[in-house]
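Chemist: Have a look at this prediction, sequence included:
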Number of protein chains: 2
Amino acid sequence: MNGREPERLARVALGRLGEPGDPRVATLVEGSGAVAVYQALLDQREHDGLLSDVAGRLAAIDPARDLDVADRLGIRFVIPGDAEWPTQLDDLGAAPPVQERGGAPMGLWVRGPLRLDEVEASVSVVGSRSATTYGAHVAGELAAVSARAGLVVVSGAAFGIDQAAHRGAVAAGGRSVAVLACGVDRPYPPAHRDLIEHLARTGAVVSELAPGCSPTRLRFLARNRMIAALTGGTVVVEAALRSGALNTANWASRLNRHLLGVPGPVTSAPSQGVHQLIRTGAATLVTSGEEVLEVLGRAGQHLLEVPRGPERPRDKLPLRQQQVLDAVPVSSSVGAESIARTAGLSLLEVGSALTRLRDHGLVEQAEGGWRLAGPVSR
Amino acid sequence: MNGREPERLARVALGRLGEPGDPRVATLVEGSGAVAVYQALLDQREHDGLLSDVAGRLAAIDPARDLDVADRLGIRFVIPGDAEWPTQLDDLGAAPPVQERGGAPMGLWVRGPLRLDEVEASVSVVGSRSATTYGAHVAGELAAVSARAGLVVVSGAAFGIDQAAHRGAVAAGGRSVAVLACGVDRPYPPAHRDLIEHLARTGAVVSELAPGCSPTRLRFLARNRMIAALTGGTVVVEAALRSGALNTANWASRLNRHLLGVPGPVTSAPSQGVHQLIRTGAATLVTSGEEVLEVLGRAGQHLLEVPRGPERPRDKLPLRQQQVLDAVPVSSSVGAESIARTAGLSLLEVGSALTRLRDHGLVEQAEGGWRLAGPVSR
């Protein structure tokens, strides 16, 4: 896997030279191949203005050393063509850039036992860093149900929804992947060092940035496209109107991934962004992990029955008794004749039905007449 | 208005003979006219089995007396052809029955100063009787905003959402209409006597049942079609999976009215029915009265801007400064050379931009380098 072939070396170098998600580098590589693009730069040949931008950095780059350092840290660099390469990322090559970020990554730096080609049956659970307890609870539940059913859960490593999703997946004994906007050896945020280390031992921690790199705003934006592209669908759980999670949601839509949204109180700012996604039809409303599985689980495996309320005693009655029950006033007691008139049935039929309904505890005799014994549906 | 012409008398009588929403009576009247159908019954001529069902009741019916009694109670009987007739109800004639209820009403018994032909610009706000404080709050707000904009608010008179909607409309100085499943002289539930009396003084209380009639389950189902048909759209605020409000929602869809739903926590049973309506695409998610007005207000009057988060300081920066800001690590301080490499800009440009960014309070110097001064967006 960690061979030293020219393709891998060229991709390490190009990943170092350009910022992640620089669509220009991705386009050049797609057109000419990584080896040719890198060789041209080494030969000081201009390529779409790239040389003048990176010339100052070229000399400092040593991809073989990068791979050695990574190797010692237990980090591998996975590239297209490797058996482990998650081929769903190739969809990024065809999607137009968003906010100047786009394109397939040069490769992925990975820590952890989970092979990335097993991430195809997966769901990303993303949302606000300033999640409410409600949002964190729901994210954890969705992730747990998804993980228990065999889906790999993918998220960032931020506070709030990201953290809750990983915790839910881990607690369910499932597999979870964190995609970082910095080197996979650099826990960010630092408070999540333990969480990230745990994922590196049990699942995977992934980045297109080389070990040692710091996170920046643009790198978070670039990272978001990876979360969307890696997974079969993205669930947004709480996202304020300018949450980064909406950027991930946007990528999911552009990549023709399923986009799902969890509603919340309309009075809750962290749900506003999700409501807008649902309202505009960009996202499908989901309320449970089961509904996520129905969309993202293996075909036919998780078909849900449309949820129905509990069956009521009335539902099991013969039609005639239902008609009589429907004619008993909800608020007062009346005589059997009045009920017969309302029901359009004979007094004999009504009398017999009322007796049966009384035996079922649905009506009772009072004040010389009949009235409903329980609460009535409107 | 309260003339004694044959059409009005026939409609009073037929309303008394059949249960509200009996599609058979409505169809006969639509085909032959109310006067002819009533006369045939009086002449003991069979009409689709109707005579055998109502023969016992025919003798007891005295429509002229009904109108006199109503008159003394300040109740009028409005029928098709009257200037006050809300013609949108005629849509009920074309819609197939639901749960054996359907068809246009024979007429409407009305208490209150509001003319029913003014109910066209209107919204119904319906939902669970066992509403949460959240649901009641949102229903009241939606109703208040709608009423303030001139829409008539229509609902039942039940506990929970119905009550909250009327209160919101009344408190906003707007007009509100209660549609009952019993006679308009019979406050049901009795605890809402004051509310219903208030609406009868300031708006309208409406029913297709003659004064004195009791509510039954079937009458509530029949009443629901009236709420949907009277209004331009129905907003469902909290409805459990078997709430009667879903029956109203179903009618709104069948009548090609707008159907809107207010989301809530997925952990809240009273929101489950609404979530299902939104999830299946039957209802559009709304989060505010303004969004209701955008759909139901007069055309072009209430176009909303798509809600956006607050503008951030970064948005106002020149592009070059944004690029530099994006290259400053979020977690640590680094030298200007490193920032220049990441940004792909010259050290001179970066130095000048960093100074300006510092003046804006966006970056700061620390530990011999630069770091972000505020929280960063992912």
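Modeler: Sure, I can see it. Just so we're clear, the structure is a prediction, and the values are computed from it rather than from any experiment.
Chemist: check contacts around the residue lying closest to A:T132 once chain neighbours are set aside.
Modeler: Excluding its sequence neighbours, the residue lying closest to A:T132 (Cβ to Cβ, 6 or more residues apart in numbering or on different chains) is A:P270, at 5.8 Å. C-beta coordinates here come from the backbone N, C-alpha and C atoms, glycine included. For A:P270, the contacting residues are A:127-128, A:130-132, A:135, A:238-240, A:243, A:264, by Cβ atoms under 8 Å, 6 or more residues apart in numbering or on different chains.
Chemist: please redo it, this time with the cut-off set to 7 Å
Modeler: Contact analysis of A:P270 by Cβ atoms under 7 Å, 6 or more residues apart in numbering or on different chains lists A:128, A:130-132, A:135, A:238-240.
Chemist: And for A:D185?
Modeler: A:73, A:75, A:211-212.
Chemist: Mind putting the residues you listed into TSV with distance to A:E291?
Modeler: Converted to TSV, those look like this (distance: Cβ to Cβ, whole Å):
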residue	distance to A:E291
A:L73	40
A:I75	36
A:P211	39
A:G212	41
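Chemist: Quick check: the farthest pair among these?
Modeler: Within the contacts of A:D185, A:I75 and A:G212 form the most distant pair, 10.5 Å apart (Cβ to Cβ).
Chemist: in the stretch 1-150 of chain A, what residue is nearest chain B?
Modeler: Distances between the stretch 1-150 of chain A and chain B by Cβ to the nearest Cβ are smallest at A:D53, namely 4.7 Å.
Chemist: and the helix or strand in which that residue is found, how far from the chain's centre?
Modeler: According to DSSP states H and E, A:D53 maps onto helix A:50-58. Relative to the centre of its chain, helix A:50-58 is centred 38 Å away, using Cα atoms, centre = their mean, to the nearest Å.
Chemist: which parts of the helix or strand that comes right after that helix are buried?
Modeler: Sequence order places helix A:63-72 as the next helix or strand after helix A:50-58, per DSSP H and E. Neighbour counts over helix A:63-72 (16 or more other Cβ atoms under 10 Å in any protein chain shown) mark A:63, A:66-67, A:70 as buried.
Chemist: Next: stretch A:146-166.
Modeler: A:146-147, A:149, A:151-166.
Chemist: which of these are close to chain B?
Modeler: Among those, proximity to chain B is found for A:A158 (Cβ under 7 Å from any Cβ of the partner chain).
Chemist: quick one on the thing from earlier: and of the contacts of A:P270, the nearest to A:T87?
Modeler: Using Cβ to Cβ, those come closest to A:T87 at A:A239, 28.5 Å.
Chemist: what angle sits between the helix or strand where A:V29 lies and helix A:50-58?
Modeler: Assessed by DSSP H and E, A:V29 sits inside helix A:23-32. Here the directions of helix A:23-32 and helix A:50-58 differ by 100 degrees (axes from the mean of the first three to the mean of the last three Cα atoms, to 10 degrees).
Chemist: For the nearest residue to A:L51 once chain neighbours are set aside, what is the enclosing helix or strand?
Modeler: Of all residues not flanking A:L51 in the chain, A:L41 sits nearest, at 5.8 Å (Cβ to Cβ, 6+ apart). In this assignment (DSSP H and E), A:L41 forms part of helix A:34-42.
Chemist: on that earlier part again, quick one: which of the contacts of A:P270 sit in helices?
Modeler: Mapping these onto helices (DSSP state H) picks out A:G135.
Chemist: Using a markdown table, please lay out the contacts of A:P270 together with pLDDT.
Modeler: Formatted as a markdown table, those follow (pLDDT from 0 to 100):
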| residue | pLDDT |
| --- | --- |
| A:S128 | 95 |
| A:S130 | 93 |
| A:A131 | 95 |
| A:T132 | 97 |
| A:G135 | 98 |
| A:E238 | 97 |
| A:A239 | 96 |
| A:A240 | 94 |
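Chemist: hmm, back to that, pLDDT at the residue of the stretch 1-150 of chain A closest to chain B, what is it?
Modeler: Looking at A:D53, its pLDDT is 75.
Chemist: Can you tell me how far it is from A:R45?
Modeler: Distance, A:D53 to A:R45, using Cβ to Cβ, to the nearest Å: 14 Å.
Chemist: Enumerate the residues of the stretch 151-300 of chain A near chain B.
Modeler: Within the stretch 151-300 of chain A, the positions near chain B by Cβ under 7 Å from any Cβ are A:158, A:188, A:214-218, A:220, A:240-242, A:244, A:262-266, A:272, A:275-276, A:278-279, A:284-285, A:287-288.
Chemist: if we can go back for a sec, please read off the pLDDT at the residue nearest to A:T132 from the model.
Modeler: With respect to pLDDT, A:P270 scores 96.
Chemist: Next: A:G173.
Modeler: Listed pLDDT for A:G173 reads 96.
Chemist: Neighbours of it, how many?
Modeler: Other residues within reach of A:G173, judged by other Cβ atoms under 10 Å in any protein chain shown, total 10.
Chemist: For it, list the residues it contacts.
Modeler: The contact partners of A:G173, taken as Cβ under 7 Å, 6+ apart, number zero.
Chemist: SS state for it?
Modeler: coil (DSSP: H, G, I helix; E, B strand; the rest coil).
Chemist: picking up where we left off before, please work out how many residues are found near the residue nearest to A:L51.
Modeler: 23.
Chemist: A:P96 too?
Modeler: A:P96 has 8 nearby residues by other Cβ under 10 Å.
Chemist: Please apply the same query to A:P211.
Modeler: 19.
Chemist: Do I have it right that it meets A:G183?
Modeler: Yes. Judged on Cβ atoms under 7 Å, A:P211 makes contact with A:G183 at a distance of 4.2 Å.
Chemist: Assumed A:M226 was part of a helix.
Modeler: Yes. Assigned with three-state DSSP, A:M226 falls within a helix.
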